[in-house]
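> Requesting a structural model of the entry that follows:
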Amino acid sequence: MKKEKISSGKLYKIFVYVALITLAISIIVPVVWVFMSSLKTNAEFQGSPWSLPASYIQNFLDAFEKANMAEYFLNSVIVTALGLLLLVVIALPASYVLARFDFKGKKFINTAFMGGLFINVNYIVVPIFLMLTSWDDVVYDMIGDFFFLDNIVVLAVVYAATAIPFTVYLLSSYFRTLPKAYEEAAFIDGCGYFKTMIKVMAPMAKPSIITVILFNFLAFWNEYIIALTLMPGASKTLPVGLVTLSKGQMAAANYGQLYAGLVIVMLPTLILYIMVQKKLTQGMTLGGLKD
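Here you go, the predicted structure:
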């Protein structure tokens, strides 16, 4: 019996390792291939797909200069950073209040936030567009110009608003796991509610906050449908600009610039994930602990 248990345990471990290695290879190989292809000339690209490139940096220069990827990159940075800032400023106090205080209407507000988790923003992008269009008509009658469409600040506000339900849900769940003794000690030392949240509770919730920032960074950075709908003019974010670049470069059979654009989109995400990987793991595990 023991031999059978040992052998079955070993077989299970071997199966798990083989599955994990296969999954890792299926993810790593395409990423490495994209990085290699971004440094190849057209002649190299038409040769062996796995041949080492000759470090052709010109693809990135052409992508930034000729395809306006530098402008698109800057737009994505501004939209993502502003959206994350607004999201944290709004969601952090809301999550703290919902998790630590009892007040009239709390149950209804919690239910409303939970309901927001089930609303896919892609399904409401048309109503958002129509609403902003009607507001623009009013603004145009007043000042003779448009404001809400083709505005990266408005796009950042929309991103933050659509991410609030998930963020409040995750942060409030984490705040509920923290002992109340810390707040009581802060109140004894003369801290008010706001100072206690900023100085005591927010630092303790840092792993969860970093988790929220990373998840929403990925969502904002790679978002396509809303940016395409609310930014119909020449100004674009990186995912929308990448689609424009891919159409042009595939027609011209210039695949090096296309893969250089893909690398420009992927690289910030990979760097951020490497930087906060440990904190991300803490935020995903500690949030499930109970007092």
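
> just so I have it, where are all the helices in the stretch 1-150 of the chain?
Ranges of helices in the stretch 1-150 of the chain, per DSSP state H, counting those that start in this stretch, are 2-37, 42-46, 58-65, 69-100, 106-116, 125-143.

> Can you give the distance of the third one from its chain's centre?
To tie it back to what came earlier, the one meant is helix 58-65. 25 Å (Cα atoms, centre = their mean, to the nearest Å).

> now the first one
Centre-to-centre, helix 2-37 and its host chain are 27 Å apart (Cα atoms, centre = their mean).

> So for that helix, what gets flagged as buried?
Buried positions in helix 2-37, judged by neighbour count with 16 or more other Cβ atoms under 10 Å: 35-37. (Each C-beta comes from the backbone N, C-alpha and C, glycine too.)

> Among the helices of the stretch 1-150 of the chain, show the one with the smallest mean pLDDT.
Lowest mean pLDDT of those: helix 42-46, a mean of 72.

> Which strands and helices lie in contact with that one?
When contacts are defined as 3 or more Cβ pairs under 8 Å, 6 or more residues apart in numbering; DSSP states H and E, helix 42-46 packs onto helix 255-275.

> What separation do you get for the closest residue to residue 100 other than its chain neighbours and residue 258?
Nearest non-adjacent residue to residue 100, counting by Cβ to Cβ, 6 or more residues apart in numbering: residue 175, 6.1 Å away. As judged by Cβ to Cβ, to the nearest Å, residue 175 and residue 258 stand 45 Å apart.

> now residue 41
Remark: distance between residue 41 and residue 258 (Cβ to Cβ) = 13 Å.

> With neighbour numbers in mind, choose between the two.
residue 258 (24 against 15; other Cβ atoms under 10 Å).

> Quick check: closest non-adjacent residue to residue 159.
Spatially, and ignoring its direct neighbours in sequence, residue 159 is nearest to residue 83 (3.9 Å; Cβ to Cβ, 6+ apart).
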